[in-house]
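1. here is the input, now give the coordinates:
(chains A and B)
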Amino acid sequence: MIATDGVSKPLRAIGGFFAMALDTLFLMPRRPFAWREFLIQTWFVARVSILPTLMLSIPFTVLTVFTLNILLVEFGAGDFSGTGAALGAVTQIGPVVTVLVVAGAGATAMCADLGARTIREELDALRVMGINPIQALVVPRVLAATLVALALSSLVTVVGLTGSFFFAVFIQHITPGAFAASLTLLVGLPEVIIALIKAGLFGLAASLIACYKGTSVGGGPAGVGNAVNETVVYAFVALFLINVVATAVGVKATT
Amino acid sequence: MKWFVNEWNRIGKQTQFYGDTLGSSGAALAHYRGEVTRLIAQMGLGTGALAVIGGTVAIVGFLTLSSGAVIAVQGYNSMAGIGVEALTGFISAYVNVRLIAPLVAGIGLAATIGAGATAQLGAMRINEEIDALEVMGIRSVPYLVSTRVIAGVIVVIPLYCVAVLMSFFATRFFTTTVYGQSVGVYDHYFTTFLNPTDLVWSFFEAVVIATVVMLVHTFHGYNASGGPAGVGEAVGRAVRTSLVAAVLVTLFVSLAIYGQSGNLNFSG
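-> Sure thing, here's the model as predicted:
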């Protein structure tokens, strides 16, 4: 039994996660939809993520633009720095910052909140009252996180482009007209749509992981802390994986 | 006004804590060497469910592997758009070293070791174990906090080697095997533009990030409050803060290193 324990425990966790994800998907169209919880959670996730988003996306794009501009100016192609900024902001920085914020800020807060409820036995109380906690708590959270992730990725892109514009024009002395004109050289509508689809997938996956970890918490204070820790790790791993696959599929689809 | 005073005091409290921690790292190394060794072993392999999927090394390796793959996919295709896909090797040597590897390693460190430290310290605080230590006459900051910061910084060095190698390997594998570029072309541009000084600086960046991340995470864990739920919230807050801190550190260190000259190795 001891020998099989090391294998069966993670397998059971994976099985439990998929069971909950399927439950969530099936319960999504089922009435009554918890509108109130959905709105509260949307506001909650947006509130915890908005500041980290701004704080992450500005330095991230400045860093990318700075590194790329060293290169472009060296080539004598400083006028194309807009292209580099757009490519970075839309196709890479946007999704990556969204990953960091959704997994690092949104999912951790969500898992901590759900974990606290589980520890206080609120979920058991719901079950006793005949309310399915997945329908009442998990479904609105997953939808809220997906919606917020979509909104955040747009915000990251806009903030990133604005930040890189100011950095390139005022600090690295690139012509503003050339910057704006070269923005759309490599990046167009398809890339923007792919970035949004990626963001939606990130929100969905991260919130499912957070909800699973949050509802299966056990073992007091250390348990909640570990659950949040595991949420961050698994969410990062899952989201980086989704990013690679979605980028490869997206690049294939647009060319 | 009250809000301003509170925030101001919070900054002061944090600064004092960081000063204390760094100041007592000498004491930690002198008196608690066994604890440091134990923490290094624990952080390198991870605990609980994390150890099952390979521990910290596997997670950081995986994260850099996948971001290296993204660099290959995106870089190759964007370069192919303007007909210079031969330069993907250059992108790997340039972007991986300067941006991706330090950042992703820092993020992986925050998520695994950092968040783990917050959870442990937070649980100790809530269970009043830290107060018990103080009562027994053991100084809790060197024993619990400084040892963790030292261990984190030591662990990041082999971890960062894995991260850099993984990002190089992933970009090379995807460019040559998946997109079918000839290995010679890739290796030529990669070795031409790989700058050893850049690598040393990026190591330095990783160590600075590790120190900042560990300080932020131990602070939030050491000062957790509000029962079991408080530990979870502390971990969340610590991850948010340390992500922002990691990116800002990378930005400022790169501006400091490359801001003047660019240090671009152009002719090989």
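2. could you pull out the helices for the stretch 51-200 of chain B?
-> B:55-81, B:88-91, B:101-109, B:115-126, B:129-135, B:140, B:147-173, B:183-193, B:196-222 (DSSP state H, counting those that start in this stretch).
3. export those helices to CSV and tack on mean neighbour count?
-> (C-beta placed from N, C-alpha, C; glycine too.) Putting the helices of the stretch 51-200 of chain B into CSV (neighbours: other C-beta atoms under 10 Å in any protein chain shown) gives the following:
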stretch, mean neighbour count
helix B:55-81, 23
helix B:88-91, 24
helix B:101-109, 28
helix B:115-126, 27
helix B:129-135, 14
helix B:140, 18
helix B:147-173, 22
helix B:183-193, 16
helix B:196-222, 22
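4. residues touching the nearest residue to A:Thr175 once chain neighbours are set aside, list them.
-> Spatial nearest neighbour of A:Thr175, chain neighbours left out: A:Asp79 (6.4 Å); criterion: C-beta to C-beta, 6 or more residues apart in numbering or on different chains. If a contact means C-beta atoms under 8 Å, 6 or more residues apart in numbering or on different chains, then A:Asp79 has A:Ile174, A:Thr175, A:Ala178, A:Phe179, A:Ser182 as its contacts.
5. report the buried members of those.
-> A:Ile174, A:Ala178, A:Phe179, A:Ser182 (16 or more other C-beta atoms under 10 Å in any protein chain shown).
6. for those residues, name the two members farthest from one another.
-> A:Ile174 and A:Ser182 (9.5 Å; C-beta to C-beta).
7. burial count for the residue nearest to A:Ile174 when sequence neighbours are not counted?
-> The spatially closest residue to A:Ile174, leaving aside those adjacent along the chain, is A:Ala168, at 4.4 Å (C-beta to C-beta, 6+ apart). A:Ala168 is flanked by 27 other residues according to other C-beta atoms under 10 Å in any protein chain shown.
8. next up, the contacts around the spatially most central residue of chain B.
-> Closest residue to the average C-alpha location of chain B: B:Gly106 at 2.0 Å, with C-alpha atoms, centre = their mean. By C-beta under 8 Å, 6+ apart, the residues touching B:Gly106 are B:Ala206, B:Ile209, B:Ala210, B:Val213, B:Ala246, B:Val249, B:Thr250.
9. repeat that for A:Val138.
-> A:Met20, A:Asp23, A:Thr24, A:Cys211, A:Thr215.
10. what's the neighbour count on the closest residue to the first one other than its chain neighbours?
-> Spelled out, it's A:Met20. In this structure, A:Met20 finds its nearest non-sequential neighbour in A:Tyr212, 5.1 Å apart by C-beta to C-beta, 6+ apart. If you count neighbours by other C-beta under 10 Å, A:Tyr212 ends up with 24.
11. can I assume A:Tyr212 is in contact with A:Phe18?
-> No: when contacts are counted by C-beta atoms under 8 Å, A:Tyr212 is not listed as touching A:Phe18 (9.3 Å).
12. now residue 134. Nearest residue, chain neighbours left out?
-> You didn't say which chain, so I picked chain A. A:Asp23 is the one closest to A:Ile134 (C-beta to C-beta, 6+ apart), at 5.1 Å.
13. not quite, I wanted chain B
-> B:Ser140 (5.6 Å).
14. pretty sure that neighbour contacts B:Ala132?
-> No: assessed by C-beta under 8 Å, B:Ser140 is found out of contact with B:Ala132, at 9.4 Å.
15. by mean pLDDT, which helix or strand of chain B comes out lowest?
-> Among the helices and strands of chain B, helix B:49-52 carries the lowest confidence by mean pLDDT, DSSP states H and E, at a mean of 58.
16. quick one: average pLDDT of the longest helix seen in chain B?
-> In chain B, assigned by DSSP state H, the helix with the most residues is helix B:227-258. For helix B:227-258, mean pLDDT is 84.
17. for the stretch 151-268 of chain B, what lies in contact range of chain A?
-> B:227-236, B:239-240, B:243-244, B:247-248, B:250-251, B:254-255, B:258, B:262, B:264, B:266 (C-beta under 8 Å from any C-beta of the partner chain).
18. pull out the buried residues from those.
-> Looks like those have B:227-236, B:239-240, B:243-244, B:247-248, B:250-251, B:254, B:258, B:262, B:264 buried, using 16+ other C-beta under 10 Å.
19. B:Ala224 in helix, strand or coil?
-> Under DSSP: H, G, I helix; E, B strand; the rest coil, B:Ala224 falls in the coil class.
20. quick one: contacts for it?
-> So B:Ala224 contacts B:Thr118, B:Leu121, B:Gly122, B:Arg125, B:Ile126, B:Gly230, B:Val231, B:Glu233, B:Ala234 (C-beta under 8 Å, 6+ apart).
21. tell me the spacing between it and A:Ala109.
-> 15 Å (C-beta to C-beta, to the nearest Å).
22. ditto for A:Glu122
-> Look at A:Glu122 and A:Ala109: by C-beta to C-beta, they are 17 Å apart.
23. the two - which one has more neighbours?
-> The neighbour count for A:Glu122 versus A:Ala109, taken as other C-beta under 10 Å, is higher for A:Ala109 (25 against 14).
24. work out for me the element the nearest residue to B:Gly232 once chain neighbours are set aside sits within.
-> Leaving aside its sequence neighbours, B:Gly232 sits nearest to A:Ala112 (C-beta to C-beta, 6+ apart; 3.0 Å). A:Ala112 belongs to helix A:108-119 when assigned by DSSP states H and E.
25. any stretches of chain A with poor pLDDT?
-> Residue ranges of chain A with pLDDT under 70: A:1-7, A:78, A:255.
26. go through it and flag its longest helix.
-> If you go by DSSP H, chain A has its longest helix at helix A:35-75.
27. so it versus helix A:108-119, what angle?
-> In terms of direction (axes from the mean of the first three to the mean of the last three C-alpha atoms, to 10 degrees), helix A:35-75 departs from helix A:108-119 by 150 degrees.
28. elements contacting helix A:35-75?
-> helix A:81-86, helix A:94-101, helix A:108-119, helix A:139-166, helix B:227-258 (3 or more C-beta pairs under 8 Å, 6 or more residues apart in numbering or on different chains; DSSP states H and E).
29. of those helices, flag the one that's most buried.
-> Of those, the one with the most neighbours on average (mean count of other C-beta atoms under 10 Å in any protein chain shown) is helix A:94-101, at a mean of 30.
30. what residues does the stretch 151-255 of chain A put near chain B?
-> A:186, A:220-230, A:232-233, A:236-237, A:240-241, A:243-244, A:247-248, A:251, A:255.
31. could you identify the buried members of the residues you listed?
-> Buried, going by 16+ other C-beta under 10 Å: A:186, A:221-230, A:232-233, A:236-237, A:240-241, A:243-244, A:247-248, A:251, out of those.
32. so what's B:Phe169 up against?
-> Counted by C-beta under 8 Å, 6+ apart, B:Phe169 has contacts B:Leu65, B:Gly68.
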